[in-house]
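In: What follows is a predicted structure for the sequence shown.
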Number of protein chains: 4
Amino acid sequence: MSATAHGTETQVAAAAQRFSATRHRTIELCAPLTPEDMMVQSCPEASPAKWHLAHTTWFFESFILREFLPGYRAFHEDFTWLFNSYYQSFSAFPEKRLRASFSRPGLEEVLRYREHVDHAIERLLERNPVPEVLRRIVLGANHEEQHQELLLTDILHAFFSNPLRPVYLRDASWLHPAATGGGNEPEWLSFAGGLSEVGHNGEEFCFDNELARHRVWLEPYRLASRPVTCGEFAEFIADRGYEKPELWLSAGWDAVKANSWRAPLYWSQMDGSWSQFTLRGEFPLVEVKDLPVSQVSYFEADAYARWAGKRLPTEFEWEVAAATAGVEGNLLDSGNLMPLAAGEAPSLFGDCWQWTASAYLAYPGFSTLPGALGEYNGKFMSGQMVLRGGSCVTPAAHIRATYRNFFGPETRWQFSGLRLAR
Amino acid sequence: MSATAHGTETQVAAAAQRFSATRHRTIELCAPLTPEDMMVQSCPEASPAKWHLAHTTWFFESFILREFLPGYRAFHEDFTWLFNSYYQSFSAFPEKRLRASFSRPGLEEVLRYREHVDHAIERLLERNPVPEVLRRIVLGANHEEQHQELLLTDILHAFFSNPLRPVYLRDASWLHPAATGGGNEPEWLSFAGGLSEVGHNGEEFCFDNELARHRVWLEPYRLASRPVTCGEFAEFIADRGYEKPELWLSAGWDAVKANSWRAPLYWSQMDGSWSQFTLRGEFPLVEVKDLPVSQVSYFEADAYARWAGKRLPTEFEWEVAAATAGVEGNLLDSGNLMPLAAGEAPSLFGDCWQWTASAYLAYPGFSTLPGALGEYNGKFMSGQMVLRGGSCVTPAAHIRATYRNFFGPETRWQFSGLRLAR
Amino acid sequence: MSATAHGTETQVAAAAQRFSATRHRTIELCAPLTPEDMMVQSCPEASPAKWHLAHTTWFFESFILREFLPGYRAFHEDFTWLFNSYYQSFSAFPEKRLRASFSRPGLEEVLRYREHVDHAIERLLERNPVPEVLRRIVLGANHEEQHQELLLTDILHAFFSNPLRPVYLRDASWLHPAATGGGNEPEWLSFAGGLSEVGHNGEEFCFDNELARHRVWLEPYRLASRPVTCGEFAEFIADRGYEKPELWLSAGWDAVKANSWRAPLYWSQMDGSWSQFTLRGEFPLVEVKDLPVSQVSYFEADAYARWAGKRLPTEFEWEVAAATAGVEGNLLDSGNLMPLAAGEAPSLFGDCWQWTASAYLAYPGFSTLPGALGEYNGKFMSGQMVLRGGSCVTPAAHIRATYRNFFGPETRWQFSGLRLAR
Amino acid sequence: MSATAHGTETQVAAAAQRFSATRHRTIELCAPLTPEDMMVQSCPEASPAKWHLAHTTWFFESFILREFLPGYRAFHEDFTWLFNSYYQSFSAFPEKRLRASFSRPGLEEVLRYREHVDHAIERLLERNPVPEVLRRIVLGANHEEQHQELLLTDILHAFFSNPLRPVYLRDASWLHPAATGGGNEPEWLSFAGGLSEVGHNGEEFCFDNELARHRVWLEPYRLASRPVTCGEFAEFIADRGYEKPELWLSAGWDAVKANSWRAPLYWSQMDGSWSQFTLRGEFPLVEVKDLPVSQVSYFEADAYARWAGKRLPTEFEWEVAAATAGVEGNLLDSGNLMPLAAGEAPSLFGDCWQWTASAYLAYPGFSTLPGALGEYNGKFMSGQMVLRGGSCVTPAAHIRATYRNFFGPETRWQFSGLRLAR
């Protein structure tokens, strides 16, 4: 049996480690949650936390165990289709809105489902599996990391929807990091542009939408050294930015009126003062004014940039700037769970996803994975904008310079902010 | 201290007994449910079971304890508005759809809330309260009985929405009652009509919408001795009743098309055979064919009657027929939790609510209670039809000949069926 | 040939006269309109004026000529289904919203269609037709009178929708009738009630929904001598009636919020002053304050009555009061085309339709006409309220004490107002 | 007075000629229409033809005459805002849907409005105007050419909506052009790619969205020599392309289901045979099978390309291919008013707009015109895809290689088809 046909010991160990760490972290993220919390689906974009636990497990079962583990016995035959999200080629699946009715299986059964699948994957890894198994395990871990982020953004929305505004993380010892210059003007980092390569390179994991690596031409450009802050965004509001149609894209202005937007999603106003709801509870604006603004839509990011006389960067301007930087920053691993004020040498990564001026489209030579896995990214290449850089709830292992996140321009429930360009 | 200013001992004891029994039964109905089940709100008409527990408690707290128990300390100040359903004059309240996000308070806290209020009501009852307290306790018990029924209809919808179709009540010893003549033609009971009195009479509790008692003139009429059965309704389907616009009211035909109705709400078809989902699980049609059909809308009831060459009775035809009958029948107390085939001397009460041909409107001289309690019934007197008779999930103590239930003509999630008239 | 098998000469002459007069009046009503005006369909309830011309013609062609005139040659085969409104049993028909795309046939062709059908009806009448023909001609004339009223209400809405606010009738010589006591308190007319007969009686034409004549029991009641005026309604607005949920039915309050209602449909506010748009143009409120308020929904009528401490009459209270009165009042024949201030002996008829507290339901023994004509009235007996009395755009020949008009409780584009009862 | 401050005689003459020719052609396009036809607005995207006549006139009045012709007297003060389409910075304007209620002004008055403005522009041109006037006149002519195309696409939709299916152009002498090879496989034209310049260059008129000219990098690519034909698209349908979710973008599949798409917009099926409705009436598919398919959405174009194993070109691939080709093809000037089968040397231009794989976004350095004119193109840069090449209803003078048209991906009422790339 040759090393090319099967994973090397190192590769197997790496996959096992990635698998195990990811699976444990998902459980850890649920520690502050009750089984009832894990039932809530408070907006059409969101899913219940329990569903995230089950669906990520379904992914490993459906795309690895059923195909590669001889004699694998499914935990529950109905889960095959019950926890399918949207893979039309794999099986029928329930309407998304019905996930809120999945009181059965209960949390305990879902946790047993996770254990069942975890053990099976471990058994499979002990059998010197073919490289495709390792590739899919890494894919499954990356998939689960995306759902870790969604789980936290969905819980934040769930707690915001509850009029009692429960707090995900109460931590008396946590010192709200002091502002360290975030209130000053950002610096403007210069980039020469020219013929540049973008897209993923090398052997490490990436999603299909990061390929093929290809050349683009960039004019010289500048990027702000840090994202736009809550304090800066409050000036836009104070200048009646939400009331001036000339600042908005036509579809954005329609969204402002239809949804009565007048501030980022989790901002509330009482007696004239703004505050922001976070995973750590409610903060008056004055305490978070130097933090990057988040939970804004593309439309709001675009309008802010127009108001500021700047623009949003394209995804390639961002990627070329980030290509040589290290993946450091305020990511999930920091444990802050909310953006932080920029320090002295702010990173391009972390705090909040940064809306770019680029529509989410296929790269030249893009091709999807065969079978149902081909539905992972490609079928969403319509009507969405690219975000770059990861957020305070993105696992550090998950993000990279070529990573492309994407949402519709009206989406607000993510940790989505903006960095200016010019 | 006179008996007129305060309740007599007997009255106090009766109220205490009614209160205690009602409160206990609500808890008993939740015995088969997990805390997660009690989070589900699977359609806009429904509420989570946990919310029913809390809201019925809020009713006693808001309309009795705050007003009549000196020094009463609220269990939680926010519950004052959190569990208000729709009483605009009492407080602001959350949008109904948000109830599904009330993971906090958890079930345990809601149970403590119930105990807190139960103890306070008991203390109040020990203090020889004024008659208004007793009246409101009885009103609160009646209110809670309505929510007992809703709790069961809502759970049935929740379990129907869950693709796994959990079963509320598994009871191996329960023998599905055999059909005893239900398959035969109903008899036609004759009534002479004439000048008749309708509406509540006497000192017993009734809702404001049952008053004032007044005279109506009825022509002679006949009522079927039993409701329409599932088997009879299946003939309507087989005769393509759902495809013939001439059988339907115009708005009913619109509803058929908009919602793709082709059978009662909980009927499913697989391989050409119908089955019905119930609180006791799924039954093939052949097993339930002699049971009264339920979960049909007014539009379906009306179309069936037209197809059958008959009509629905008015609410007064029904009431006059029931006025002298005893309140007996297959009600919640029987424990069946689903309609039963008609026996030899079928009752007008129970099995399923019976749609009437009467719109839900005010009686002559109708007046509402003062204050927020006035919003209880009167403000819904628009666009709804009257149902009479109670169902297999209606407490026997709750129903009477003058009782008026009401829902919009497109409503299907209730135990609502029909009895023909001519 | 006996008189029973065929119409008498007098009956034929009467039908011919009714036919001819009705057909001419429809054309006269269109005199102020351009072919372009007659294309407008400015809300889902309305139809283009040209469509009214064609549909009323279609009615005579479809239900009389095709059936009773041997050798009748249709004007245009496609018109058979093109101008069907909603008779499912007769033919397929276009969606209502498409009527605005019927630029072809042009107005001239529609007028030729009318002439073609008029001549054919005249030929048929010369042949001593069977009584059913005469009955249907009278039915067709009554049908066309309903569309005369709709034509005017639809044009008023069309002109209100046009930002230029064109005026239907400019008439310099018309003196706006001075108020003659309308500003005073209404008198309260007393009625004894008791066992009363309602519904149509005798040989004259009536619609199926006015039958069967039957008995009802009424308690003693009082009716206001005149409808509520614009000035009185303005007080309700000034008292913030549109902002007080306790005055409204629950569904009414939903409608207020969803549609941002704050005054009757054709009222506008500029610089704090109200004005009302009418078929004679825009009038400041001060000039129309003594005129009956119109273009209010049932919800607004009901809320006003509650605010005023009164109630709406039932349809039977109204009918019994009107039964012995003459059909006089400000109807279409007066040529005013807008309500007038009440004179000294105001009529129960005319000015504006009066919302009643009665839902539109079948009378005991109600049966529809056979065939497609059976869809005329019966299939709308759901979700609508009864209006009585006719309006300033109702032909006098069309209205009577037993006449039942009906619209959904949120409908506002009709000349619909209210008369108080207590 | 220098030539730089004012237009040269040649420039003035050119502008006058462009103005006059454009204004005349708009009137010519209306020749087959009745005033009633010109009232129809049969879908939210469309406008009545009369409105197009007035709005294009408003554009010249508002942005040229009011600003540059001293003493200009407006034709009608209300037209200032009545015929504004969407320029928020210029004035308030009516909701788009209300345009169907503009029976007044009548067509005759709108034609007088056109004459009034035409004469004023002529007077202004006689006064040696500043270059900005000439620039705006050319802009206004280009604006009107866009509305010429819209007028025809809107009338086609209006006539398709009319169940009688009127025909815009009946021309007995017109010979349906025979297929000349269109049924064969297309050739594949090769392009080398590399660093390429795109965007407008030179002094001629262009829209702001074609600027700035800039460099892009293209990989080598191939384009089909002709668009996809109706016959080819029929194979996609026959292969059940509309029933296979794996062929569609996720949002496209949602659109298929929500709108029940099963063929291009103007295709109808009777007795199993397809036909297509055009400005020249209805044609069986067999007669138009070699013509380019049109009235398909981006979603359908994308799904077809996926089914065919090809892809859509980017807008820059298209532009570079067309850069050196002459602007020839089946455009409005040919008078065909429908696509034609490809000849021996087919053009990249004409027949139907070609959906590209590019989202409609700003070019580097894009800036809008100052003032209200800045709303012309920029504010729509969200959620739309670029189309290139012009159609059979695009004026030849209007189109060029750098021209960017744009519509939402679900849009179907345009002459929009596709050309494959690989």
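Out: Alright, I've got the coordinates.
In: Which of the three states applies to whichever residue of the stretch 51-200 of chain A sits closest to chain D?
Out: With C-beta to the nearest C-beta, the shortest gap between the stretch 51-200 of chain A and chain D falls at residue A:88, namely 4.3 Å. (Glycine included, C-beta is placed from N, CA and C.) What DSSP: H, G, I helix; E, B strand; the rest coil gives for residue A:88 is coil.
In: Leaving out sequence neighbours, find the closest residue to it.
Out: Spatial nearest neighbour of residue A:88, chain neighbours left out: residue D:245 (4.3 Å); criterion: C-beta to C-beta, 6 or more residues apart in numbering or on different chains.
In: OK, contacts around the one you found?
Out: By C-beta atoms under 8 Å, 6 or more residues apart in numbering or on different chains, the contact set of residue D:245 is A:88, A:89, D:253.
In: got a list of what whichever residue of chain A sits closest to chain D touches?
Out: Closest approach between chain A and chain D, counting by C-beta to the nearest C-beta: residue A:359, at 3.3 Å. Applying C-beta under 8 Å, 6+ apart, we find residue A:359 in contact with A:384, A:385, A:386, D:359, D:361.
In: possible to save those as a markdown table with pLDDT?
Out: Formatted as a markdown table, these follow (pLDDT from 0 to 100):
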| residue | pLDDT |
| --- | --- |
| A:384 | 97 |
| A:385 | 98 |
| A:386 | 98 |
| D:359 | 98 |
| D:361 | 97 |
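In: Next step: those restricted to strands.
Out: The strands, defined by DSSP state E, take in A:385, A:386, D:359 from the contacts of residue A:359.
In: what pairs with the second one across the strands?
Out: In this case it means residue A:386. Residues in a beta bridge with residue A:386, per DSSP bridges, are residue A:406.
In: what about it, how many neighbours?
Out: Residue A:386 is flanked by 25 other residues according to other C-beta atoms under 10 Å in any protein chain shown.
In: wait, it sits on residue A:404?
Out: Yes - shown here, residue A:386 and residue A:404 form a contact pair, counting by C-beta atoms under 8 Å, at 5.3 Å.
In: What mean pLDDT does stretch A:185-200 get?
Out: Here stretch A:185-200 scores 96 as its mean pLDDT.
In: So for it, what gets flagged as buried?
Out: A:186, A:191, A:193, A:196, A:198, A:199, A:200 (16 or more other C-beta atoms under 10 Å in any protein chain shown).
In: and the top helix by length along chain A, what other elements does it pack with?
Out: Counting residues, the longest helix found in chain A (DSSP state H) is helix A:131-161. Contact here means 3 or more C-beta pairs under 8 Å, 6 or more residues apart in numbering or on different chains; DSSP states H and E; on that basis helix A:131-161 packs against helix A:9-29, helix A:49-60, helix A:66-68, helix A:107-126, strand A:273-278.
In: Look up how far residue A:322 lies from residue A:6.
Out: 35 Å (C-beta to C-beta, to the nearest Å).
In: Who has more neighbours out of those two?
Out: residue A:322 (21 against 17).
In: got the contact list for that one?
Out: A:348, A:349, A:388, A:389, A:401.
In: go on, residue A:171?
Out: Contacts of residue A:171 (C-beta under 8 Å, 6+ apart): residue A:280.
In: Check for me that residue A:282 belongs to a strand.
Out: Yes - counting by three-state DSSP, residue A:282 is found in a strand.
In: Leaving out the residues flanking it, which one is nearest to whatever residue of the stretch 51-200 of chain A ends up closest to chain C?
Out: Relative to chain C, the nearest point of the stretch 51-200 of chain A is residue A:163 (19.6 Å; C-beta to the nearest C-beta). Using C-beta to C-beta, 6+ apart and skipping the chain neighbours, the partner closest in space to residue A:163 is residue B:94 (5.1 Å).
In: Need phi/psi at the one you found.
Out: Backbone geometry at residue B:94, expressed as degrees, to the nearest 10, gives phi -70, psi 150.
In: All the helices of chain A, in order from the start?
Out: Using DSSP H, the helices of chain A run over A:9-29, A:49-60, A:66-68, A:79-82, A:107-126, A:131-161, A:230-238, A:250-259, A:285-288, A:298-307, A:315-322.
In: Nearest to residue C:72, out of the ones you listed?
Out: Closest to residue C:72 of the helices of chain A is helix A:250-259 (C-beta to C-beta; 53.5 Å).
In: Report whether that closest one contacts chain B.
Out: No - using C-beta under 8 Å from any C-beta of the partner chain, helix A:250-259 stays clear of chain B, coming no nearer than 15.0 Å.
In: Could I get the average pLDDT for that helix?
Out: 97.
In: could you say what helices and strands that helix packs with?
Out: helix A:298-307.
In: Can you name the residues of chain A sitting close to chain D?
Out: Residues of chain A lying near chain D (C-beta under 8 Å from any C-beta): A:86, A:88-89, A:195, A:214-217, A:219, A:245-246, A:248-253, A:298-299, A:302, A:357-359, A:361-362, A:364-365, A:374-375, A:379-383, A:409.
In: Mind doing that once more with 6 Å?
Out: Within chain A, the residues that sit near chain D (C-beta under 6 Å from any C-beta of the partner chain) are A:88-89, A:215-217, A:219, A:245-246, A:249-251, A:359, A:364, A:379-380, A:382-383, A:409.
In: pLDDT weak spots in chain A?
Out: A:1-5, A:7, A:172-183 (pLDDT under 70).
In: Buried residues, stretch A:109-125. List them.
Out: Those would be A:110, A:111, A:113, A:114, A:116, A:117, A:118, A:120, A:121, A:124, A:125, for stretch A:109-125 by 16+ other C-beta under 10 Å.
In: That stretch and chain B in contact?
Out: No - Stretch A:109-125 is not in contact with chain B by C-beta under 6 Å from any C-beta; minimum separation 10.2 Å.
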